[in-house]
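Novice: Here you go, sequence then predicted model.
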Amino acid sequence: MRTSRVLALSAAGIAMAVVAVVATAGPAAAGPAVSADPTRVDTEREAVARAYIDALISHDASAVKFAPDATRVEAGLKTGFSGPQMTRDLEHGPQYRVIRGIRDLRMSESGDVVTTTYLLDAGVGDVRLMTVEITETFEVPDGTIHAIVAHIKPKSLF
């Protein structure tokens with residue numbers, strides 16, 4: 001438990017350092033999330049989760065459907081307090097400007113919950129500095145995201 005918390009805090013520290021560099025360098029363009037099986041058709045709930053993941057890269061949250069009181073918890077810390085705040089963060093938050101790409105996206109659905117796992121590459125411009133594996137659960141009971149819980153595991157540093 002302590003080791004995973006230290007790793008999460010270390011990854012967060014690295015990400016914040018990258019954010020500081022990117023904030024002065026400006027955003028670089030990136031493509032949409034790439035599914036492990038691009039021919040697979042999303043369910044309605046999976047499409048809601050995918051819109052969020054795509055917005056991590058595009059910084060365009062217009063297609064993301066948040067409930068007004070939606071929340072997000074990342075590595076045990078509450079980082080999302082409302083739908084409007086998370087929309088603003090996706091569009092303008094420096095913590096998302098370091099994302100260079102998302103790959104190997106896998107999704108599954110059980111009841112109202114969509115679980116996604118993917119690799120996220122972070123860096124500056126075209127230079128990838130680290131890769132993390134992210135597993136997120138999305139509670140989507142009515143076509144809107146009510147809660148996101150994210151677990152982040154460092155995979156590599158460059």
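Specialist: In hand now; what should we look at?

Novice: Quick check: E44 touching G143?
Specialist: Yes. Taking C-beta atoms under 8 Å as the definition, E44 is a contact partner of G143 at 6.8 Å. In this view, the C-beta of every residue, glycine as well, is placed from N, C-alpha and C.

Novice: Quick check, I152 in contact with I134.
Specialist: Yes. With contacts counted by C-beta under 8 Å, I152 reaches I134, the gap being 5.4 Å.

Novice: what about the helices in the chain?
Specialist: Along the chain, the segments classed as helices by DSSP state H run 2-25, 44-58, 83-92.

Novice: The last one: which residues count as buried?
Specialist: Buried residues in helix 83-92, counted by 16 or more other C-beta atoms under 10 Å: G83, Q85, M86, T87, D89, L90.

Novice: Run through who's touching it.
Specialist: For helix 83-92, the surrounding residues in contact (C-beta atoms under 8 Å, 6 or more residues apart in numbering) are 52, 55-56, 59-61, 64, 66-70, 72, 80, 95-96, 144-145.
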